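Engineer: Just need the structure, nothing else, for what follows:
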Amino acid sequence: MNRALTLVALVILCFASLARAENWPQWRGVKGDGISSEKGLPIQWTRTENIAWKLDLPGRGGATPVVWGERIFVTSVDEEDLVLLCINTDGKQKWRQVLASGNRVVRGDEGDSASPSPCTDGKHVWAFFTTGVLACCTVEGDLVWKADLQQRFGKFSIQFGLTSTPVLDKGRLYLQLIHGEGNPKTQEAKVVCLDGVSGETIWAVGRASDGRDENEHSYASAVLYRSDKAEFLITHGNDYAIGHSLETGEELWRLGGLNPKGSYEPTLRFVASPVAVPGYIVVPTAKGRGVYCLKGDELKGDVTNNESAFWWKRESETPDVPSPLIHDGLVYLVRENGNLMCVDANTGKLYFNERTTPDRHRASPVYADGHLYTCARNGKISVIETGKELTIESVNDLGEEISASPAISNGRIYVRTFKSLWAIGDK
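Structural biologist: Below is the predicted model:
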């Protein structure tokens, strides 16, 4: 009887484990909003305690790992090679594909050519590098196709390489390639949609802008908006946020004034990407300027001066690099200096603006089970209780530099540092 009860208990535990295991298929998770539904994640750890495993990587990179089932995929540099790695959730490397070469280090410690994050649907995995090479492999490691997007769509004109991460949705890949050479008014900048399995172009459209220089310094990624009333792709850069039809790429709406012509900043560049959840789109800018919250279901045409299109506007204190996060009616903005801001999603009321770890913050925050996880460059990860008052539960030091955003899956937090991939949680 005891043996039977033990067996039943093991079965229950097994199903409970499966129930909590959520995939993390791209940069900001299942819905592209940085939100995980997993429970019981660790909130305290050290380099040796509450660590399932650590795997040394062949080189640096800022790409967030993605997880599907028992496979983790992450890109990395290995001297001049640009590689895609598959790692089991037990911390053992399964395979490695060299997909490109020609690494470029940015400002010493700000990034390199393995900065865009991969994405997966459990059958295929796609990897993009700042050189313009985009590749598709099976999850077993076989190369399906590879393309140089600079050859296909035109040479990029960008200061440190194209770090924008592709968006995967229903078998299609969407990318903002808004760094074409020439005058932006001639629509050299493009937004493209590719078939994930074949790599063929489904559509490619020009993205008009009267911006002058910002497109050479912008590293934001496109994001997807979807509610029961509307769906579209949002591109962000060269002085505008623009909504595009998923089927044709046609422009549906645009938000200007992000780099006002009356006080134009020629080196203003958008690095933080928008975040979108049903009903709300938070659009950051850069260098301490404005941040805007749009009504996602009510956008059409030029909404720049349409006050009814906004939930709120803040004229300053935008996050500069980390993308915003929206949860339970609150917007969280991680400033580059480690300050965390909490704003009411409907009114823009500021609840707090307080310091966490006083160091550069490049990773975007993630949420799970009542907590935010924010990463400082110096390797310290703050675990913060969500709500209208700042409560820091813990600050955990991995002792290795971090620029990649965390991934959450299988009851663990996966953190990619410049040296290693860490699995934080149960062994």
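Engineer: got any ranges where the stretch 201-350 of the chain has weak pLDDT?
Structural biologist: Within the stretch 201-350 of the chain, the stretches with pLDDT under 70 are 213-217.
Engineer: at 80 instead, please
Structural biologist: 212-218 (pLDDT under 80).
Engineer: Which parts of it are strands?
Structural biologist: 201-206, 223-226, 231-237, 240-244, 251-255, 275-277, 280-283, 291-295, 301-302, 310-314, 325-327, 330-334, 339-344, 350-355 (DSSP state E, counting those that start in this stretch).
Engineer: Pull the residues that contact the last one.
Structural biologist: Judged by C-beta atoms under 8 Å, 6 or more residues apart in numbering, the contacts made with strand 350-355 from elsewhere in the structure are 317, 330, 337-344, 388-390. All C-beta atoms are positioned from the backbone trio N, CA, C, and that covers glycine.
Engineer: Dump these into TSV; add neighbour count and distance to residue 251 as well.
Structural biologist: Putting the contacts of strand 350-355 into TSV (neighbours: other C-beta atoms under 10 Å; distance: C-beta to C-beta, whole Å) gives the following:
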residue	neighbour count	distance to residue 251
317	17	29
330	16	31
337	14	35
338	20	37
339	18	35
340	24	34
341	21	31
342	21	33
343	24	28
344	16	30
388	11	37
389	9	41
390	17	39
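Engineer: which one among those gets closest to residue 397?
Structural biologist: residue 338 (14.1 Å; C-beta to C-beta).
Engineer: Mind jotting down where the helices sit in the stretch 251-400 of the chain?
Structural biologist: In the stretch 251-400 of the chain, no helices are defined using DSSP state H, counting those that start in this stretch.
Engineer: Closest one to residue 262 out of the contacts of strand 350-355, please.
Structural biologist: Of those, the one sitting nearest to residue 262 (C-beta to C-beta) turns out to be residue 317, at 20.3 Å.
Engineer: Tell me which residues touch that closest one, please.
Structural biologist: 288, 291, 333, 335, 341, 353.
Engineer: at 7 Å what do you get?
Structural biologist: Applying C-beta atoms under 7 Å, 6 or more residues apart in numbering, we find residue 317 in contact with 288, 335, 341.
Engineer: Next one: it from residue 33, what distance?
Structural biologist: Going from residue 317 to residue 33 by C-beta to C-beta, to the nearest Å gives 21 Å.
Engineer: Same question for residue 208.
Structural biologist: 28 Å.
Engineer: Could you count how many residues lie near the closest residue to residue 256 other than its chain neighbours?
Structural biologist: Spatial nearest neighbour of residue 256, chain neighbours left out: residue 304 (4.1 Å); criterion: C-beta to C-beta, 6 or more residues apart in numbering. Applying other C-beta atoms under 10 Å, we find 14 residues neighbouring residue 304.
Engineer: If we ignore the residues flanking it in sequence, what's nearest the residue nearest the centre of the chain?
Structural biologist: Within the chain, one residue has its C-alpha closest to the average C-alpha position: by C-alpha atoms, centre = their mean, that is residue 27, at 4.0 Å. Among residues not flanking residue 27 along the chain, residue 117 sits closest, at 4.1 Å (C-beta to C-beta, 6+ apart).
Engineer: Using the three-state scheme, assign that neighbour.
Structural biologist: Recorded secondary structure, residue 117: coil (DSSP: H, G, I helix; E, B strand; the rest coil).
Engineer: what's it in contact with, if anything?
Structural biologist: 26, 27, 63, 64, 66, 165.
Engineer: Can you name the residues in contact with stretch 200-207?
Structural biologist: 153, 172, 178, 187, 189-195, 235, 242, 248-249.
Engineer: And stretch 392-405, by the same measure?
Structural biologist: Outside stretch 392-405, the residues that reach it (C-beta under 7 Å, 6+ apart) are 27, 43-47, 62-64, 109, 111, 356-357, 362-364, 366, 371, 375, 377-385, 415-420, 422.
Engineer: buried set for it?
Structural biologist: 392, 396, 398, 400, 401, 402, 403, 404, 405 (16 or more other C-beta atoms under 10 Å).
Engineer: Looking at strand pairing, list the partners for the first one.
Structural biologist: Translated: residue 392. As for beta bridges, residue 392 partners with residue 384 under DSSP bridges.
Engineer: The residue nearest to the centre of the chain and residue 378: what is the separation?
Structural biologist: Residue 27 is 22 Å from residue 378, by C-beta to C-beta.
Engineer: Surely the residue nearest to residue 256 is in contact with residue 259?
Structural biologist: No: counting by C-beta atoms under 7 Å, residue 304 stays clear of residue 259, with 11.8 Å between them.
Engineer: Do I have it right that residue 192 meets residue 175?
Structural biologist: Yes: in this structure residue 192 lies within contact range of residue 175 using C-beta under 7 Å: 5.3 Å.
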